[in-house]
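Trainee: Structure of the sequence below:
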Amino acid sequence: MRLGFCSLLFALLMGNFSAIGQNSDQGQSPAKPVEAAQVSTKGLQWINDKNSGNCAACHAMPGVAGVQSTFAPPLHEAGQKWTPAELTQWVTDARQMNPNTLMPSFGSAKEWQKANSSIPILTTEQIKSVVDTLTTWRAPSSISNRPPTKPINPSNKPLQHLSGTAFLSPELLELQNDLSSNPIGLWTEQGRALWNKRTSGSSCAQCHGNVAKMRGAALGFPRWSASKQKLVNLEDQILTCAERTGAALKGLENPDVLSLSALLHSVSQGMEINMTPDATTQSLWQNQLRAGEKLFNTRIGRMNLACSHCHDQKIGLQMRAEVISPGHPTGFPIFKMSWQAMGSVDRRLRACFSGVQAELPEPGSAVLRQLELYMKMRANGMLVEGPLLRR
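Mentor: Numbers count the residues shown, from 1 in each chain. This next block holds a predicted model:
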């Protein structure tokens, strides 16, 4: 499959990338213009491979079908702007060119934090092949002369104040609003059945009454638990209640746990998030909040990125087909189409750790709860929308 994909890209290159021979105004003399047949395609494997270089996740590749990323500058001018030696340095360790860069250091593991491996992402030979491709690659002048891509802003609100719903595709938004087809309805109905179901102990309804009386209950999580001496979120609390009633629910991503979470969030829809600590545990709660804020702004993983780099600095730009949102947790739990299942904030955060190739926290771990608390605080004043669909 990989060879087939590269062959397809090679064909696209041959058809679209004619030499345009523009001069560079900085550095050493740039690589000379080349004919299409001289374009080096070996580096395309690493440029497009999601498990290695994955340059296309951030950089646009004009002329190559299906690549839409606007997170970082397009690659079609790299071979004209930089010499091969400079490109090698950018790919090997871009921090030597720009200490504040968001570009990963593909050839150096120096100063990585919480990375899932200490091995550099690309070998010296792989970096050379990427540089060869960038050096010899030219895009048509019609593409080179296009104005820079602007962030997607579906409303007049500041980007930071938009929920994830604002960034849904028209097709997904249509499905979200179609109650007869939206799969979330099945989950909330299952949650309603479980709410009234009696096990060996009491049912949820016997303790809490009609679920409508629980409007607003989901808003207070995560919160500090004096008995457990840690932060707990809503799914944690559902598991604790299940133990009391004798229900056999295990795991935060248990379908029944998520169904109950979906139900409780649905009865709180339209309410304003207003996270405040309990007076008796305020100091402990604040410590957890500060820890979450620090992690949100700390670079981690082999990609060497912090949450804030995407969800504060790059809102409205694209990583492949994904439009970056502020990351507000107003729509959880979510039915993610790529999962074909409901998922919690816990699962989504773990997916982000995996995406930046960081050490994966255990489900329910303190760092995940701290991050969730900080993200909920960032969303103060916004309305609960969940459960919702996501791509």
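
Trainee: residue ranges of the strands in the chain, please?
Mentor: Along the chain, the segments classed as strands by DSSP state E run 223-225, 230-232, 318-319, 322-323, 334-336, 341-343, 388-390.

Trainee: Is it possible to get JSON lines of these that adds mean neighbour count and mean pLDDT?
Mentor: Heads up, the C-betas are built off the backbone N, CA and C, glycines and all. Shown next, in JSON lines, are those (neighbours: other CB atoms under 10 Å; pLDDT from 0 to 100):
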{"stretch": "strand 223-225", "mean neighbour count": "19", "mean pLDDT": "95"}
{"stretch": "strand 230-232", "mean neighbour count": "20", "mean pLDDT": "96"}
{"stretch": "strand 318-319", "mean neighbour count": "20", "mean pLDDT": "89"}
{"stretch": "strand 322-323", "mean neighbour count": "18", "mean pLDDT": "88"}
{"stretch": "strand 334-336", "mean neighbour count": "22", "mean pLDDT": "95"}
{"stretch": "strand 341-343", "mean neighbour count": "21", "mean pLDDT": "96"}
{"stretch": "strand 388-390", "mean neighbour count": "22", "mean pLDDT": "94"}
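
Trainee: Pick out the residue closest to the middle of this protein.
Mentor: In the chain, the residue lying closest to the centroid (CA atoms, centre = their mean) is Cys352, at 5.3 Å.

Trainee: That one contacts Ala306, doesn't it?
Mentor: No: between Cys352 and Ala306 there is no contact under CB atoms under 8 Å: 10.6 Å.

Trainee: Compute the number of surrounding residues for the residue nearest to Ala78 when sequence neighbours are not counted.
Mentor: For Ala78, ignoring the flanking residues on the chain, the nearest one in space by CB to CB, 6 or more residues apart in numbering is Leu134 at 4.5 Å. By other CB atoms under 10 Å, the residues close to Leu134 number 27.

Trainee: which residues does the closest residue to Asp236 other than its chain neighbours contact?
Mentor: Spatial nearest neighbour of Asp236, chain neighbours left out: Gly364 (6.5 Å); criterion: CB to CB, 6+ apart. Neighbour list for Gly364: 236, 252, 346 [criterion: CB atoms under 8 Å, 6 or more residues apart in numbering].

Trainee: Please determine how far Gly364 is located from Cys204.
Mentor: To Cys204, Gly364 is 21 Å away according to CB to CB, to the nearest Å.

Trainee: what do you get for Gln237?
Mentor: If you go by CB to CB, the gap between Gln237 and Cys204 works out to 11 Å.

Trainee: of these two, who's got more company?
Mentor: Taking other CB under 10 Å, Gln237 and Cys204 do not tie; Cys204 has more neighbours (25 against 21).

Trainee: Could you tell me what pLDDT the model assigned to the more buried one?
Mentor: We have a pLDDT of 91 for Cys204.

Trainee: tell me, how many neighbours does Leu179 end up with?
Mentor: 8.

Trainee: Return the subset of the contacts of Gly364 lying in helices.
Mentor: Counted as lying in helices by DSSP state H, out of the contacts of Gly364, are 236, 346.

Trainee: Not counting sequence-adjacent ones, nearest residue to the residue nearest to the centre of the chain?
Mentor: Closest to Cys352 by CB to CB, 6+ apart is Cys307, at 7.1 Å.

Trainee: which residues in the stretch 51-200 of the chain form helices?
Mentor: Assigned by DSSP state H, counting those that start in this stretch, the stretch 51-200 of the chain shows helices spanning 78-81, 84-93, 124-136, 141-144, 170-177, 184-196.

Trainee: related to what we said a few turns ago, turn the strands of the chain into JSON lines, including distance to Gln80.
Mentor: JSON lines is the format used below for the strands of the chain (distance: least, CB to CB, whole Å):
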{"stretch": "strand 223-225", "distance to Gln80": "55"}
{"stretch": "strand 230-232", "distance to Gln80": "51"}
{"stretch": "strand 318-319", "distance to Gln80": "24"}
{"stretch": "strand 322-323", "distance to Gln80": "29"}
{"stretch": "strand 334-336", "distance to Gln80": "40"}
{"stretch": "strand 341-343", "distance to Gln80": "44"}
{"stretch": "strand 388-390", "distance to Gln80": "39"}
